[in-house]
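J.: I would like to see how this sequence folds:
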Amino acid sequence: MKRRYTTNKRKVFFSILLCSALLTAGPAFAAGNFGLGFVLGDPSGITAKYYLGNDHAIAAGIGDAAGHGFYINVDYLKHFREIIPVPGMALYLGGGGAFHHYHRDRHGRVWDDEDEENRLETRLPFGINYVFKPVPVEVFLELVPALELVPDVDFRLRAGLGARYYF
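T.: Down below sits the predicted model:
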């Protein structure tokens, strides 16, 4: 039985495409409302956030889910700045969804297309962030309970530590 290893060309292509789209779209947003950066954890990759108002934002990410394939997510976030009396710091809570193209077996090996599957999740992110005033940089830590709905119902716990630069 011949096994064919898949390549990471799709991940690289989609990452470059997203980065290009976000960087060219940056000037269209109001200064200070759009942030772009990275997140480390599950998933690890590129993250973007756009503030719709003072306490409401849309956050998105694209990357690799703990070495198990391509992962993309979009979340709506509500920030609660008055809970922690530190200027620039806020707790946040939100909801969203994710698509995960899973392509590894339990030993981390990449096999042919028959071992791949697409997964859909609902997400409930909550976390804490701090925005530095002199430099428009945000650091954040989040915990994300996720309910996988397709192909099977399963629970996942995702987490991330990241930073975004606002322009």
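
J.: Only C-alpha atoms from now on, for both contacts and neighbour counts.
T.: Fine.

J.: Show me the strands in the protein, by range?
T.: All strands of the chain, identified by DSSP state E, fall at 34-42, 44-51, 56-64, 69-80, 89-102, 117-123, 126-131, 137-150, 154-166.

J.: Now find how far off-centre stretch 132-142 is within its chain.
T.: Averaged C-alpha coordinates place stretch 132-142 at 16 Å from its chain's average position (Cα atoms, centre = their mean, to the nearest Å).

J.: With mean neighbour count and mean pLDDT as added columns, please give the strands of the chain in TSV.
T.: Shown next, in TSV, are those (neighbours: other Cα atoms under 10 Å; pLDDT from 0 to 100):
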stretch	mean neighbour count	mean pLDDT
strand 34-42	21	95
strand 44-51	21	96
strand 56-64	21	95
strand 69-80	21	94
strand 89-102	19	94
strand 117-123	19	91
strand 126-131	19	96
strand 137-150	18	95
strand 154-166	17	94
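
J.: From residue 38, how far off is the closest residue to residue 72 other than its chain neighbours?
T.: Spatial nearest neighbour of residue 72, chain neighbours left out: residue 62 (4.4 Å); criterion: Cα to Cα, 6 or more residues apart in numbering. In this view, residue 62 and residue 38 are 9 Å apart by Cα to Cα, to the nearest Å.

J.: so what sits against both of these two?
T.: 44, 45, 46, 47 (Cα atoms under 8 Å, 6 or more residues apart in numbering).

J.: pretty sure the second one contacts residue 69?
T.: No: proximity of residue 45 to residue 69 does not meet the contact threshold set by Cα atoms under 8 Å, at 11.6 Å.

J.: ok, and the closest non-adjacent residue to residue 59?
T.: residue 49 is the one closest to residue 59 (Cα to Cα, 6+ apart), at 4.2 Å.

J.: show me what contacts that neighbour?
T.: 33, 34, 35, 36, 57, 58, 59, 60.

J.: Repeat that for residue 61.
T.: 45, 46, 47, 48, 71, 72, 73, 74.

J.: so the second one makes contact with residue 37?
T.: Right, the one you point to is residue 46. Yes: look at residue 46 against residue 37 with Cα under 8 Å: they come within range, at 5.8 Å.
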